[in-house]
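Asker: Quick one, structure for this:
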Amino acid sequence: MNSTLIGYARCSTDKQDLAAHREALVKLGVAPDRIYTDHGFTGTDRKRPGLDQALAAVRGGDTLVVPKLDRLALSVPDARAIGDDLAARGVRLQLGASVHDPADPLGKLFFNILATFAEFEADLIRMRTRGGMAVARAKGKLRGKNPKLSDRQQAELGRMHRTGDYSISDLAELFSISRPTVYRTLGPQPPGRSEGADGSRVTARL
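Answerer: Model prediction:
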């Protein structure tokens, strides 16, 4: 029976590009039409259609090829579950240029060690991300998302506000934005007109 190489690659965000992973798999000998991918799925999400298709495509004697272990799984339990499934079906796993058989005791040990390091690396990345966000907040560099209003929508919001018929809360609901975003869009308001905490209009009496 001839052994077939089945490739799998994953990117967790839309900003990442699968082209580099595809190219790496082709260089490892995987035919382009034998490559399955997931875009926008994290390594901790087990429900990945591309991975399910790749696992369904491999048969006994085949090899599942992945650029790196973290493209396949980011947790030890998930990596072990996939490894056990491959072993039960007589499928080898190739990580980059390294090929090992999870059914072999030494290969299984190596697989578990790699999975542990992948999980550890993912934890470090999450910690660095949280730390970077905390520093950015402390320096005032991390702010909320910019208002998603077009120039025309901003002009219309201002016009509606000037009629006096709509409260800040009304405008926030109508334009599906937050109250702070409404305030930022309107800019500084003339004295003598404000709103209560509940969004109702309050006119100062002079």
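
Asker: residues of the longest strand along the chain that come out buried?
Answerer: Longest strand of the chain, by residue count under DSSP state E: strand 5-11. Within strand 5-11, the residues that count as buried by 16 or more other Cβ atoms under 10 Å are 5, 6, 7, 8, 9, 10, 11. In short, each C-beta sits where N, CA and C put it, glycine included.

Asker: Please apply the same query to stretch 51-67.
Answerer: Result for stretch 51-67 [16+ other Cβ under 10 Å]: buried residues 51, 54, 55, 58, 62, 63, 64, 65, 66, 67.

Asker: Go through those residues and say which is closest to residue 182.
Answerer: residue 51 (43.5 Å; Cβ to Cβ).

Asker: what element comes up after the helix or strand containing the closest one heading to the C-terminus?
Answerer: Assigned by DSSP states H and E, residue 51 belongs to helix 49-57. With elements assigned by DSSP H and E, the helix or strand that comes after helix 49-57 is strand 63-66.

Asker: what's the angle from the following helix or strand past that next one to helix 49-57?
Answerer: With elements assigned by DSSP H and E, the helix or strand that comes after strand 63-66 is helix 76-88. Angle between the axes of helix 76-88 and helix 49-57 is 30 degrees (criterion: axes from the mean of the first three to the mean of the last three Cα atoms, to 10 degrees).

Asker: List the contacts of the helix or strand that comes right after helix 76-88.
Answerer: Once helix 76-88 ends, the next helix or strand along the chain (criterion: DSSP H and E) is strand 92-95. For strand 92-95, the surrounding residues in contact (Cβ atoms under 8 Å, 6 or more residues apart in numbering) are 5, 28, 62-69, 72, 83, 86, 99-102, 111, 114.
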